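Trainee: need the 3D shape of this:
(4 chains)
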2 protein chains.
Amino acid sequence: MPQRSDRPAESQDLRKAGLKVTHPRMRILDLLGTTEKKHLTAEEVYRELLDQGDDIALATVYRVLNQFESAGIVCRHHFEGGQSVYELAQEGHHDHMVCMETGKVIEFESPEIEQLQEQIAAEHGYEIADHSLVLYVRPLKR
Amino acid sequence: MPQRSDRPAESQDLRKAGLKVTHPRMRILDLLGTTEKKHLTAEEVYRELLDQGDDIALATVYRVLNQFESAGIVCRHHFEGGQSVYELAQEGHHDHMVCMETGKVIEFESPEIEQLQEQIAAEHGYEIADHSLVLYVRPLKR
DNA sequence: TTGGGTGCAAATTGTTTGCAATTGT
DNA sequence: ACAATTGCAAACAATTTGCACCCAA
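Mentor: Alright, predicted model coming up:
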């Protein structure tokens, strides 16, 4: 049973971001910190909350996720397929690999790639503000 | 005046893809091969055509771009900001850098990064089907 | 108490689709 | 001639927003 972070979701996390501690926000923060699937769409968050008995509007889910993103509490990704997916922000940056057969999302870090990126940007007279790297993969047949 | 490719857009390109040579298709193919801006949204293609005096429906632009993508004639990218952008397909794969101040799109290739990607995927038991790398950058101040 | 937060429904935005008319081949 | 293609408007999907009510501080 994976646990997202070392410490559970705290109301502190919200206060620190200047957000009132409300039921919807706590439930969403909590959900993101404890689900099996770490990467969820707004729709999925909404459904999950319904299943848990909470009655939170989809619009609120979107609003809260946006606020969380601005506050740096969650990261939003645009994988192929229309919907954005959200995940709890982690320590260091990491990239993603999405299995095209199962939809599974695998995280990975590659300092080497990050460094090459910096270097390439610099060669063009730029510095990196943000970046997005997604590998769409298939299981190796054997 | 940059020219996209060595040879101009040909009706052959369409026939080869099993597509009838129609006016809308030729105009769009032509446009993509000659605009200053190589990366355009469907909207931009539409407006550009209007400015050129052509009267082609937006729906047709979308349909044609989709067909071109399936045919491998264009590549579609999902940069930040909702709309998809399309560009004429090139020889080898390349990645993009988007300037957050000007919106300018710069292409680059990095065999080193590609290789690292392959390696990382393999380490996880996968092979890469496709990938997307976008650097969101800012001009270096000096 | 009171300004931020929420639910609901309506509005937006980007893109796709049904269908009748039109056009390549 | 006939199937493929287009234009138009309506349909869609994801996300945002206006507003009256509600609640955390």
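
Trainee: number of nearby residues for A:G125?
Mentor: Burial of A:G125 is recorded as 12 neighbouring residues (other C-beta atoms under 10 Å in any protein chain shown). (Each C-beta comes from the backbone N, C-alpha and C, glycine too.)

Trainee: so who does it touch?
Mentor: Applying C-beta atoms under 8 Å, 6 or more residues apart in numbering or on different chains to A:G125 gives the contacts B:139-140.

Trainee: list the contacts for the closest residue to A:G72 other than its chain neighbours?
Mentor: Once flanking residues are discounted, A:G72 sits nearest to A:A89: 5.8 Å by C-beta to C-beta, 6 or more residues apart in numbering or on different chains. Contacts for A:A89 (C-beta under 8 Å, 6+ apart) come out as A:72-75.

Trainee: in the longest strand seen in chain A, what counts as buried?
Mentor: Ranked by residue count and defined by DSSP state E, the top strand of chain A is strand A:126-139. For strand A:126-139, the neighbour count (16 or more other C-beta atoms under 10 Å in any protein chain shown) marks A:126, A:128, A:131-137 as buried.

Trainee: and the one helix or strand A:I106 maps to, what does it pack onto?
Mentor: Using DSSP states H and E, A:I106 maps to strand A:105-108. Applying 3 or more C-beta pairs under 8 Å, 6 or more residues apart in numbering or on different chains; DSSP states H and E, one finds that strand A:105-108 contacts strand A:95-99.

Trainee: if you count contacts, what does the strand it packs on end up packed against?
Mentor: Packed against strand A:95-99 by the contact rule (3+ C-beta pairs under 8 Å, 6+ apart) you find strand A:105-108, strand A:126-139.

Trainee: just the CA trace of the first one, in CSV.
Mentor: To tie it back to what came earlier, the one meant is strand A:105-108. What follows is strand A:105-108, C-alpha atoms only, in CSV (Å, rounded to 0.1, in the frame of the first residue of the first chain):
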residue,chain,number,x,y,z
VAL,A,105,2.0,5.8,-15.7
ILE,A,106,5.6,5.3,-14.6
GLU,A,107,7.7,8.1,-13.1
PHE,A,108,11.4,8.4,-13.7
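
Trainee: which residues sit against that strand?
Mentor: For strand A:105-108, the external contacting residues (C-beta under 8 Å, 6+ apart) are A:37-39, A:79, A:85, A:94-99, B:120, B:124.

Trainee: so what touches the very next helix or strand once past that strand?
Mentor: Next helix or strand after strand A:105-108 toward the C-terminus (DSSP H and E): helix A:111-123. Here helix A:111-123 makes contact (C-beta under 8 Å, 6+ apart) with A:93, A:95, A:127-128, A:131, A:133, B:97, B:108, B:110, B:112-113, B:116-117, B:133, B:135, B:137, B:140.

Trainee: ok, the residue nearest the centre of chain A to B:E80 distance?
Mentor: Central residue of chain A (C-alpha atoms, centre = their mean): A:E87, 1.8 Å from the mean position. With distances taken as C-beta to C-beta, to the nearest Å, A:E87 is found 17 Å from B:E80.

Trainee: A:G92 now?
Mentor: Computed as C-beta to C-beta, the A:G92 to B:E80 distance reads 21 Å.

Trainee: those two: who's more crowded?
Mentor: Neighbour totals were compared for A:G92 and B:E80, and B:E80 leads with 13 against 7 (other C-beta under 10 Å).

Trainee: any regions of chain A where pLDDT drops low?
Mentor: Low-confidence segments of chain A, defined by pLDDT under 70: A:1-7.

Trainee: chain B contacts on that one?
Mentor: Residues of chain A lying close to chain B by C-beta under 8 Å from any C-beta of the partner chain are A:78, A:80, A:97, A:99-100, A:106, A:108, A:110, A:112-113, A:116-117, A:120-122, A:124-140.

Trainee: if you set the cut-off to 6 Å instead, what comes out?
Mentor: Within reach of chain B by C-beta under 6 Å from any C-beta of the partner chain, chain A has these residues: A:78, A:100, A:106, A:108, A:112-113, A:116-117, A:120-121, A:124-140.
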